[in-house]
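Visitor: Structure, please.
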Amino acid sequence: MFTDNQPDTLGLGSRSPHTEFLWSLEILAWSPEHFDDAVDVLTALAVLDPGGRLSNRPLASLVGVLSAWAPNTTVHAEDRIRVIRRLVRRQPALGRKLLLHLIPDSHAVQMSHPGPRFRDWKRDSVVTPHDRWSVTTAVVDLLLDELNAAPELYADLIGKIDVLPSRHRTEVARRLTELAGDLEDDDQRAVFHRALRDQVARHQEYADTAWALPADELRPLQAACEALEPRNLVKRYAWLFQSGWITLGDIRRRDDFAAYDAELLARRAAAVGETVANGGLAALVELASATEFADLVGVALAEHSEDHDQELLSWLEEDASPAKEVAAGYMRRRMWTQGNDLRDRLLTLTEVPHVQAVILRLAPEPAAAWSKFAELSPEVAEHYWREFSYFGLGSNFPRALDAARSLLDAGRPAAALDLILLYDREGDTPEAAETVITGLENLIAARLSDPEIGRLSSRFQDLFALLARHCEQVGRQRILSLEWQLLPALGFDAKAPILHKTLVEDPEAFADLVTWSFRPSTTSEEDTVDAVEQENRRNIANHAYRALHTLRTCPGLTADGTLDPVVLRTWVMAARAELAARDRARVGDVQIGQVLAFAPRDQGDLQVPEAVRDLLEEINSSDLERGLSIGIYNKRGVTSRGLLDGGVQETELARSFREQVERAREWPRTRKLLKGLAESYEADARREDQEAERRHQGLE
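Guide: So this is what the prediction gives:
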């Protein structure tokens, strides 16, 4: 019944069968008469539930019904406690999960279960502090009784230690301290120790807040934590390297960042020193394998000792491994503290090109490291740029263009383009534009298969904006070709400035796109080409259609944003003549009309400026007017509104268009177009009002 291929809630308001069934049981649970039966059925379902991605599981329903702080039932607290005890007795494994979920969590969200439509079971009721305390106390007492049979529950219970009643917190600390004496499983000791340490440190760090436990309540937990410390050094110290920012507790990071960082590094260095002293560098690799940030182990080793250069250089020869990450952290720390003299000495200690490349990548001042390429094998530079990471280099990173060109040579065009966008602070230069256009051409040559292309994402727009500003230097035709080929990568609201500028300057180019996008109006073109050519034509048609429908400018616009009526009329007439010659007069007029929708308003502030109004009267084309109407309607874009707002927005738009109708009396065809838009928005307003009313009545 509970499978992942059943959606939780279908898009049109229907729900999957298992959701409906759970909702029915949740509704029944509101009734004191049916409460026990509903819980029993939910329990049986929870036992059978195989789990999955959906959030509406039987266990979640049980938690909502039996909640200590917001129960989805009118049953009294003592009856809920009775049912919880019965459930734990009959189904211990499920009961333990339920008990953990029932302990209140300061960050939890409680969903309100649906109530019946025709019965009064779901009534407003107040959960008193005493009720909440009674249920919580009973739940924790039951959970403590289960700990002997299932000690693994301690880990989850520790995570909620700060919300337990004080006496229970003390009891948990006492039991954990006793458990530590007999617990031989070092993995389990490590889990309990880390969970306790994290809790104690968090409350120490924020001791000045209202929610933090006082020091006298933390002391028993801290004693238990010390007693549970793993005997194995690797497991004992792994927590120190799980993150760059570890909450220590006894030293607050907020008080002095520098002092905190120094103390954390000192403790890591001491841990590494003890580990190496007892197990050598092999134990250090084991420690690195047990952590999420193996390079931090290497940094700590460099802080502890400077005697491992030669051996750790050999670790850099390995493929990706914890040992290599340790060596990288060690070398980076050593070179950042000792400078370029150590960098140069390390380069003499190995003749392996890719190890020398790693040394240069880890060294401070990347630009300074590039000067060493001339002294080394050409393979070093090849390895260097293939693996070069350009993140975190600082806002003043120099020679960004040089780095980008080197990345291009290494076959990483996407990385080169991203680096320019991140670091080229010298901005709009012809040199940057030339590098960008080369990178884009390389991307296309590789059929956009560069694995790093995802980093560019919507930033293609920024690249084309840069190219447009240097159009004359890099070549208009090159940019036009790139924008055309990369149009699908530009997103929904694609901006291809040179391509769009060409369309509104060259009516023949506009006609080409309409011709590729649409079939002839009156004749049929026999398709005698093979399947490959058909697919090619479909791709061109999709490209052309996308270019037309991302065009957001109008012919005849001057540099100051005003409209030149003569240039506009010349373009429209030439485009119509060209499209008529290609048997695409009607669809062409529709497309021209949609372009005219982006003509700027004139001094009269009508949606349709005077130059366009005059054209409508002169041309007398219903297809052109239909296209203009579509363009004006679509130009509005996506809207947002409150659930009960109704059609307020559309009513205002309709009023505006009605007012414009009166002001366009000299242009009958424009008046008719504006009236049609007003009527369309009035219809939209009525529909939105009706939907809002249905929501208000609870019908949707």
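Visitor: dump the residue contacts of the nearest residue to residue 115 once chain neighbours are set aside.
Guide: The spatially closest residue to residue 115, leaving aside those adjacent along the chain, is residue 122, at 3.0 Å (C-beta to C-beta, 6 or more residues apart in numbering). Backbone N, C-alpha and C define where each C-beta goes, glycine included. For residue 122, the contact set (C-beta atoms under 8 Å, 6 or more residues apart in numbering) comprises 30, 74, 115, 116.
Visitor: Likewise for residue 123?
Guide: Applying C-beta under 8 Å, 6+ apart, we find residue 123 in contact with residue 74.
Visitor: confidence score at it?
Guide: Residue 123 carries a pLDDT score of 79 in this model.
Visitor: ok, now how distant is it from residue 366?
Guide: Look at residue 123 and residue 366: by C-beta to C-beta, to the nearest Å, they are 69 Å apart.
Visitor: swap in residue 19?
Guide: According to C-beta to C-beta, residue 19 and residue 366 sit 56 Å apart.
Visitor: So for stretch 162-176, mean pLDDT?
Guide: In this model, stretch 162-176 has a mean pLDDT of 92.
Visitor: Return the set of buried residues in it.
Guide: Within stretch 162-176, the residues scored as buried using 16 or more other C-beta atoms under 10 Å are 162, 163, 164, 168, 169, 171, 172, 173, 175, 176.
Visitor: which of these lies closest to residue 340?
Guide: Residue 340 lies nearest to residue 162 out of the buried residues of stretch 162-176, by C-beta to C-beta, at 49.9 Å.
Visitor: Can you name every helix or strand that the lengthiest helix in the chain contacts?
Guide: Longest helix in the chain by number of residues (criterion: DSSP state H): helix 257-289. In terms of contacts (3 or more C-beta pairs under 8 Å, 6 or more residues apart in numbering; DSSP states H and E), helix 257-289 is packed against helix 233-237, helix 294-304, helix 322-338.
Visitor: quick check: angle from it to helix 322-338?
Guide: With axes from the mean of the first three to the mean of the last three C-alpha atoms, to 10 degrees defining the directions, helix 257-289 sits at 150 degrees from helix 322-338.
Visitor: quick check, residue 393 in a strand?
Guide: No. Assigned with DSSP: H, G, I helix; E, B strand; the rest coil, residue 393 falls outside any strand and is coil.
Visitor: Would you mind confirming that it makes contact with residue 399?
Guide: No. Contact criterion C-beta atoms under 8 Å: residue 393 and residue 399 do not qualify, at 10.6 Å.
Visitor: Counting neighbours, go ahead and name the busier of those two.
Guide: residue 393 (17 against 14; other C-beta atoms under 10 Å).
Visitor: contacting residues for the more buried one?
Guide: Contact analysis of residue 393 by C-beta under 8 Å, 6+ apart lists 366, 423.
Visitor: Tell me the spacing between it and residue 367.
Guide: Distance of residue 393 to residue 367, computed by C-beta to C-beta: 10 Å.
Visitor: Then residue 299?
Guide: Separation of residue 299 from residue 367 (C-beta to C-beta): 23 Å.
Visitor: Looking only at neighbour counts, state which of those two leads.
Guide: Between residue 299 and residue 367, residue 299 has the larger neighbour count (other C-beta under 10 Å), namely 25 against 13.
Visitor: what's the next secondary structure element after the helix or strand bottoming out on mean pLDDT in the chain?
Guide: Least confident helix or strand, the chain: helix 17-28 with a mean of 82, by mean pLDDT, DSSP states H and E. Downstream of helix 17-28, the first helix or strand assigned by DSSP states H and E is helix 35-48.
Visitor: Tell me the helix or strand right after that next one.
Guide: Following helix 35-48 in sequence order, the next helix or strand is helix 58-66 (DSSP H and E).
Visitor: which of the residues in the helix or strand that comes right after that following helix are buried?
Guide: Heading C-terminal from helix 58-66, the first helix or strand you meet, by DSSP H and E, is helix 77-90. Across helix 77-90, burial judged by 16+ other C-beta under 10 Å covers 77, 80, 81, 83, 84, 87, 88.
Visitor: mind checking the SS state of the nearest residue to the last one once chain neighbours are set aside?
Guide: Taking C-beta to C-beta, 6+ apart, and ignoring the residues beside it in sequence, residue 88 has residue 95 as its nearest neighbour in space, at 3.2 Å. Secondary structure assignment for residue 95 (three-state DSSP): helix.
Visitor: gap between residue 95 and residue 328?
Guide: 49 Å.
Visitor: How about residue 116?
Guide: Between residue 116 and residue 328 the distance is 63 Å, computed by C-beta to C-beta.
Visitor: Comparing the two, which residue is more hemmed in?
Guide: Neighbours of residue 116 and residue 328, each counted by other C-beta under 10 Å, are more numerous for residue 328; the result is 21 against 13.
Visitor: among the contacts of residue 122, which one has the lowest pLDDT?
Guide: When the contacts of residue 122 are compared on pLDDT, residue 115 comes out lowest, with 80.
Visitor: Distance check, residue 167 against residue 144.
Guide: As for residue 167, its distance to residue 144 is 11 Å (criterion: C-beta to C-beta).
Visitor: same question but for residue 487, I mixed them up
Guide: Residue 487 sits 65 Å away from residue 144, going by C-beta to C-beta.
Visitor: which SS state does residue 624 fall under?
Guide: Three-state assignment for residue 624 (three-state DSSP): helix.
Visitor: show me where pLDDT drops low in the stretch 451-600 of the chain?
Guide: Flagging of the stretch 451-600 of the chain using pLDDT under 70 yields the residue ranges 492, 523-529.
Visitor: got the residue ranges for the helices in it?
Guide: 460-469, 471-474, 476-486, 497-505, 507-517, 531-549, 565-581, 585-596 (DSSP state H, counting those that start in this stretch).
Visitor: wait, what's in contact with the nearest residue in space to residue 173 that is not next to it in sequence?
Guide: Leaving aside its sequence neighbours, residue 173 sits nearest to residue 220 (C-beta to C-beta, 6+ apart; 3.7 Å). Neighbour list for residue 220: 169, 170, 173, 174, 177 [criterion: C-beta under 8 Å, 6+ apart].
Visitor: Kindly indicate which of those residues lies nearest residue 322.
Guide: Looking across the contacts of residue 220 and measuring by C-beta to C-beta, the closest to residue 322 is residue 177, at 33.8 Å.
Visitor: helices and strands around the helix or strand hosting that closest one, which ones?
Guide: For residue 177, the element it lies in under DSSP H and E is helix 166-182. Using 3+ C-beta pairs under 8 Å, 6+ apart, the elements in contact with helix 166-182 are helix 129-146, helix 153-158, helix 186-205, helix 215-227.
Visitor: Residue 509 is nearest to which of the ones you listed?
Guide: Residue 509 sits nearest to helix 186-205 of all the helices and strands packed on helix 166-182, at 64.1 Å, using C-beta to C-beta.
Visitor: and the angle for that closest one with helix 166-182?
Guide: Relative orientation of helix 186-205 and helix 166-182, computed by the same axes, to 10 degrees: 140 degrees.
Visitor: now helix 186-205 and helix 215-227, what's the angle there?
Guide: Helix 186-205 and helix 215-227 are oriented at 160 degrees to each other (the same axes, to 10 degrees).
Visitor: List of residues touching helix 186-205?
Guide: 151-152, 154-155, 158-159, 161-162, 176, 179-180, 183, 212-213, 218, 221-222, 224-225, 228-232, 235-236, 238-239, 247-250, 252-254.
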